[in-house]
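Peer 1: just the structure for this:
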Amino acid sequence: MDKRNFQIGVLLLAVTFILSGCASGISGQARSQVTYTGPFNAVQDQPENYKDKIVMWGGRIIETITQNGSTEIVVLQMELGSRGYPMESDKSQGRFMIHSQEFMDPAIYSEGALVTVVGKLDGSETRLIGEMSYRYPVISMIEIKKWAPGEDPSPRFHFGIGIGAHF
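Peer 2: Residues are numbered from 1 along each chain as shown. I've put the predicted structure just below:
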């Protein structure tokens, strides 16, 4: 094998690894449908101005409710990283609801799980949180990704020299 073919082979292998890392979250097809990437709280303040926009949001599941074959998931919003993974912090701009016409098992989409969703804004719904009235932006699900505990698609590199230990 000559040097040029070797370089092409290495390049193709690198591209394969890069693309396989990107494929672990929301699909490119769903991402391409997103029409609103602005701040979450703008939608929460005036949801009627964003009706029918497609968003990609994520966060931590608060509650999953199933009824008559459909599912409603309440999510605590979290900022998303560049690959769509919810970035865990103590900051959130609020809560939102995901509506799905499919049954989504609450044992899988359980409280505390991290999700990323692409969906169409359908408006808002007002409900109580304790005794406080709260307006939830509501989206109809197009695609959802439930992240496995500890799964983060961000590339991780480690270079080192010498002896060490990792726990």
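
Peer 1: ok but residue 49 is inside a helix, no?
Peer 2: Yes - counting by DSSP: H, G, I helix; E, B strand; the rest coil, residue 49 is found in a helix.

Peer 1: tell me where the protein is predicted with low confidence.
Peer 2: For the chain, applying pLDDT under 70 flags the ranges 1-24, 152-167.

Peer 1: so which residue is dead centre in it?
Peer 2: The centroid of the chain falls nearest to residue 116 when counting by CA atoms, centre = their mean (1.5 Å).

Peer 1: I'd guessed it sits against residue 58; true?
Peer 2: Yes - the pair residue 116 / residue 58 is scored as a contact, 3.8 Å apart, by CB atoms under 8 Å. For every residue, glycine as well, the C-beta is placed using N, CA and C.

Peer 1: shared neighbours, the two?
Peer 2: Common neighbours of residue 116 and residue 58, counting by CB atoms under 8 Å, 6 or more residues apart in numbering, are 80, 84-86.

Peer 1: could you dump those residues into a markdown table with distance to residue 31, secondary structure and neighbour count added?
Peer 2: Below are the shared contacts of residue 116 and residue 58 laid out as a markdown table (distance: CB to CB, whole Å; DSSP: H, G, I helix; E, B strand; the rest coil; neighbours: other CB atoms under 10 Å):
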| residue | distance to residue 31 | secondary structure | neighbour count |
| --- | --- | --- | --- |
| 80 | 11 | strand | 17 |
| 84 | 8 | coil | 21 |
| 85 | 13 | coil | 22 |
| 86 | 15 | strand | 23 |
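
Peer 1: which residues touch the residue nearest to the centre of the chain?
Peer 2: 25-26, 56-58, 80, 84-86, 144-145, 147 are the contacts of residue 116 under CB under 8 Å, 6+ apart.

Peer 1: same thing with residue 97?
Peer 2: 72-75, 125, 136-139.

Peer 1: give the buried subset of those as a PyMOL selection command.
Peer 2: Those of the contacts of residue 97 that count as buried under 16 or more other CB atoms under 10 Å are selected in PyMOL with:
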select buried, resi 72+73+74+75+136+137+138+139
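
Peer 1: wait, which of the contacts of residue 97 is closest to residue 49?
Peer 2: Distance to residue 49 across the contacts of residue 97 (CB to CB) is lowest for residue 137, with 11.2 Å.

Peer 1: kind regards, and thank you for your time.
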